[in-house]
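**Student:** One predicted model, sequence on top.
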Amino acid sequence: VAAIPARPQIIAHEVDRPRRGWITWLTTTDHKRIGILYLCTVLVFFVIGGVEALLMRIQLGTPENTFLTPEKYNEIMTMHGTTMIFLVIVPVWAGFANYFLPLMIGARDVAFPRLNAWSYWMYLFGGLALYASLFFTPPEAGWFSYVPLSLKDFTPSNGQEAWIYMVHLTGLSSVIGAINFIATIHNMRAPGMGWGRMPLFVWTILIYAYLIILALTSLAASVTMLLLDRNFGTSFFDPSDGGSALLWQHLFWFFGHPEVYILVLPAFGVWSEVLPVFARKPIFGYKAIAAATAGIAFLGMLVWAHHMFATPMSTVVLAFFMLSSFLIAVPTGVKIFNWVATLWRGTVEWRVPLLFSVGGIAAFLMGGITGIFLAVFPVDWQLTDTYFVVAHFHYTAFGASAFAMMAALYYWFPKMTGRMMSEGLGKVSFVLFFIGFHLTFLIQHSAGLDGMPRRIYEYSSSSGWEVQNLVSTIGAFVLALSVLLTIINVVRSLKKGTIAGADPWKANTLEWFTTSPPPENNFDVVPRVRSVEPMKDIRRQIERQTGVTQRFEAGKPMVNA
Amino acid sequence: MTGRVRGSRPYTADAVADVKTKTRRRVRVLAAALPVVALGALVLAPTASAGWFLPQSDGSPNADGIRTLYILIAILALVIFVGVEGLLIYSMIKFRARKGRVAAQIHGNTQLEIGWTVGAAAILIFLTVFTFVLLDDIKNPAASDIDANGDPVAAAHAQFASTDQPAAPGASMNIKVIGQQYSWNLQYPSIDDKRVYAYNTMYVPVGMTVTLDIESVDVAHSWWIPQLGGKMDAIPGYTNKSWFKIPLDAIPEGQDRVVYEGQCAELCGRNHANMLARVVGLRYDDWKAWYDDKAAQLQQAQDDAAAERKQIESQEGGR
């Protein structure tokens, strides 16, 4: 055995007094504070994006409505999609991962703290660049900015440039953040935490990070080509000058489909953390879930053209993308079965994080199933570009990601603030969220089947789409009310919530080993990790040594809230 | 032990039986309700306004094929949906935490994992096969029920499997559909050296297979008449293909036409919502009369324009 090298000694002569005040939030490189900055910014953009959705729903609530002009409608629609994708769901996982990834693997911080701060500020300025266009002309070519509509001939306003800069800034932010997460996960795990003992949320963030590097760099190249086409006389995409309008669609969806999994994989991670804690049972098939995550990510790179089934393509190509889209349903199905099996024979605590997780799984299943309809390309010829698709992707992006976002908030709020959120208010919010969500989006399948195309700012009263749209609009407001209740819950609980203690849920992973909120250095001691559920091991050990029951007993209240 | 209050009763055999019967009853109600709901949906589907549960059809064989495929997937989907959501709800209720219950510490089951992986794959293989069985009828133009002169022909059964849309067997009519912000330019085939074009409303003879060459002169559009089958994008620089055939008997008794409505399905600018399209099916003789009349009108308009130009020129020359 080689001799253990002596540790370098650090002698402190003087300790800087901790700085206080708002300026420390601007200069911080602490992953927890950056995480909170991310989450607060996300909340602001989530509310803005939600208000945009409400404006659209008001416009579509009645036929031949004149609430919005076609121009305003297209602008708001573009801003809504862009905001929710680039400024809400991608960064919300960056926010939660920032806060919890180092804690869950027992690290002091992320690998590159200053780079981490830069990531956040790039994200913020990307959002500001997009929203600065409100003072001029916002983009109006939709969140996937199809050419030639997004070329200068058809969209002369500089809103499109604002959109491009936003993609560049937030894209760079995400890529740098992803490099940071990957470096942290590969190098800074607690002693004993091999790949097979890493929390599943960390697994999904690892895969999310790799996907970001593959997909967002490709998008950065594509939007640069668009910028050149618009301003510097190139014609990558201009068919009148030898370019190809389809090239953009292929390039965009080559980013766009992996992006879907960037949005949803961390949601799977959240559910895989929350379910075992509240079912009081180990996750069923840990390895299968981790492998399925990697499988989904790999297959997710091979399905992009299923967004383009109605474009000129030969049958061979159509069939390939149908089959690859089918394949992806297999690992996804495996995950859903594993989650159900995790609840099976457990003792399921109906707490708010669990309710949001199970509600999310139920909605995601629906989104997955409608995805099968859309993967069959002849059926897709009827359904694509209709409200059926709008319903489908909201069942995945909202049903999975937003439900998981709420679950993560209720689950981790006690760790971030040291206080519990109100359980009662949370349950009311969940019920409204669930009802509002299905009210808004379920009936949109019918609108699509009945021939209502997406992205229309009005429809005639003879179309027969009034009922579907009115119901959907009412649902959207129920949803908004629910989000409002959760925001009230957050604000109220910050001051008045029950003190949580280090581990209010009796959870499984290392973030619950430290105090709530954790000190700046996270851990004074990092325990040796012996399983996927280190906290369970620790409780068992204490039980053995002290004889005092540590494990959770079903039916006993945890921390009252 | 039996004398204790109900709420704190431990997990005795009696309590287990009690809970079991109760849950069983609850599950039975649930199990009874689900097929009823499922059946209700299926029964309602054709009767309720068609678009609520199924894609539109009845205007053309390819739309009917898509509808058949949709129904098959819907049945499979419904079984999976009800099964999995049922399991989810069941385990939420059945295994809800109560005092004295202990969670089983199960880490996994390899056989089960393999089982549901193979099961999911099997369902998808079945769907793939079924899709390809139906694909030819959806993708390849059917034979017309009438010939080029409008006379009925015996039904032909030739079908082709090919990577691109083949020509229809027998007579067919090719119309060029050119999308532009915010209207559809429709160019008819030349008959007897006449040239006919129109905008937005496409007149076709019923029973004739109509093949479409879909193009665009500015941004991307998408041609879609729901009852006549799937949509196809109009992308500048490319030619996309589609087809439809309105059945001979589609025109109601005592009427002279059948009308199908649709609109552009790809965001093409501010007036995207108003880029409407319509296909009108006429009996062959009516259609021929319309065609000849339209050709004459266009010829007349051209002659008038030429005369006007000549007049303007002569006026300017005389000045």
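**Tutor:** Received the coordinates, thanks.

**Student:** Find the nearest non-adjacent residue to the residue in the stretch 51-200 of chain B that chain A sits nearest to, please.
**Tutor:** In the stretch 51-200 of chain B, no residue comes nearer to chain A than residue B:51, which is 2.8 Å away by CB to the nearest CB. Glycine gets a C-beta too; all of them are placed from N, C-alpha and C. For residue B:51, the nearest residue in space outside its immediate sequence neighbours is residue A:450; the separation is 2.8 Å by CB to CB, 6 or more residues apart in numbering or on different chains.

**Student:** hey, where'd the strands end up in chain B?
**Tutor:** Chain-ordered strands for chain B, with DSSP state E as the definition, fall at B:173-180, B:183-187, B:197-199, B:201-205, B:209-216, B:221-223, B:232-234, B:240-245, B:257-263, B:276-282.

**Student:** what about the residue nearest to residue B:51, how many residues close to it?
**Tutor:** Burial of residue A:450 is recorded as 23 neighbouring residues (other CB atoms under 10 Å in any protein chain shown).

**Student:** For it, give me phi and psi.
**Tutor:** Backbone torsions for residue A:450, taken as degrees, to the nearest 10, come to phi -80, psi 10.

**Student:** I'd like to know how far it sits from residue B:153.
**Tutor:** 35 Å (CB to CB, to the nearest Å).

**Student:** Residue A:339 too?
**Tutor:** On the measure of CB to CB, residue A:339 and residue B:153 end up 58 Å apart.

**Student:** Looking at the two, which has the bigger crowd around it?
**Tutor:** More crowded of residue A:339 and residue B:153, by other CB under 10 Å: residue A:339, with 29 against 14.

**Student:** mind checking pLDDT for the more buried one?
**Tutor:** According to the predicted model, the pLDDT of residue A:339 comes to 97.

**Student:** counting contacts, what elements does the host helix or strand of it pack onto?
**Tutor:** Assigned by DSSP states H and E, residue A:339 belongs to helix A:315-343. Under the contact criterion of 3 or more CB pairs under 8 Å, 6 or more residues apart in numbering or on different chains; DSSP states H and E, the helices and strands touching helix A:315-343 comprise helix A:245-279, helix A:286-300, helix A:352-375, helix A:377-383, helix B:61-94, helix B:110-139.

**Student:** Make a markdown table from the ones you listed and add distance to residue B:294 to it.
**Tutor:** Shown next, in a markdown table, are the helices and strands packed on helix A:315-343 (distance: least, CB to CB, whole Å):
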| stretch | distance to residue B:294 |
| --- | --- |
| helix A:245-279 | 32 |
| helix A:286-300 | 51 |
| helix A:352-375 | 39 |
| helix A:377-383 | 30 |
| helix B:61-94 | 27 |
| helix B:110-139 | 31 |
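
**Student:** Is it possible to get a markdown table of these that adds mean pLDDT?
**Tutor:** Putting the helices and strands packed on helix A:315-343 into a markdown table (pLDDT from 0 to 100) gives the following:
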| stretch | mean pLDDT |
| --- | --- |
| helix A:245-279 | 96 |
| helix A:286-300 | 95 |
| helix A:352-375 | 96 |
| helix A:377-383 | 94 |
| helix B:61-94 | 92 |
| helix B:110-139 | 88 |
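
**Student:** Can you give me every residue that contacts the residue of the stretch 151-300 of chain B found nearest chain A?
**Tutor:** Taking CB to the nearest CB as the measure, the stretch 151-300 of chain B has residue B:230 as its residue closest to chain A, at 2.2 Å. Contacts of residue B:230 were listed using CB atoms under 8 Å, 6 or more residues apart in numbering or on different chains, and they are A:310, A:378, A:380-382, B:62-63, B:66, B:138, B:224, B:242.

**Student:** Name the member of those residues with the most neighbours.
**Tutor:** The residue in the contacts of residue B:230 with the most neighbours, by other CB under 10 Å, is residue A:382 (29 neighbours).

**Student:** Just give the nearest non-adjacent residue to that one, would you?
**Tutor:** Nearest residue to residue A:382, sequence neighbours excluded (CB to CB, 6+ apart): residue B:55, at 4.2 Å.

**Student:** Now that neighbour: phi and psi?
**Tutor:** Dihedral angles of residue B:55 (phi, psi; degrees, to the nearest 10) stand at phi -70, psi 160.

**Student:** what does the stretch 351-500 of chain A put close to chain B?
**Tutor:** Contact residues of the stretch 351-500 of chain A with respect to chain B, defined by CB under 8 Å from any CB of the partner chain, are listed as A:358, A:361-362, A:365-366, A:369-370, A:372-373, A:376-386, A:446, A:449-451, A:453-459, A:464.

**Student:** Closest residue of the stretch 401-550 of chain A to chain B?
**Tutor:** Nearest to chain B, among the residues of the stretch 401-550 of chain A, is residue A:450, at 2.8 Å (CB to the nearest CB).

**Student:** Quick check, that residue in contact with residue A:469.
**Tutor:** No - counting by CB atoms under 8 Å, residue A:450 does not reach residue A:469; the two are 10.8 Å apart.

**Student:** what number of residues lie near residue B:82?
**Tutor:** There are 15 residues near residue B:82, going by other CB under 10 Å.

**Student:** Show me what the strand or helix carrying residue A:42 packs onto, helices and strands only.
**Tutor:** Using DSSP H and E, residue A:42 sits in helix A:31-61. Other helices and strands packing on helix A:31-61, by 3+ CB pairs under 8 Å, 6+ apart, are helix A:23-27, helix A:70-82, helix A:90-104, helix A:113-132, helix A:403-417, helix A:466-496.

**Student:** could you give the mean pLDDT of it?
**Tutor:** Confidence over helix A:31-61 (mean pLDDT, whole number) is 97.

**Student:** follow-up on the earlier one: deepest-packed of the strands of chain B, please.
**Tutor:** Comparing the strands of chain B by mean neighbour count (mean count of other CB atoms under 10 Å in any protein chain shown), strand B:221-223 comes out on top with a mean of 30.

**Student:** do that strand and chain A meet?
**Tutor:** Yes - applying CB under 8 Å from any CB, one finds strand B:221-223 touching chain A at residue B:222.
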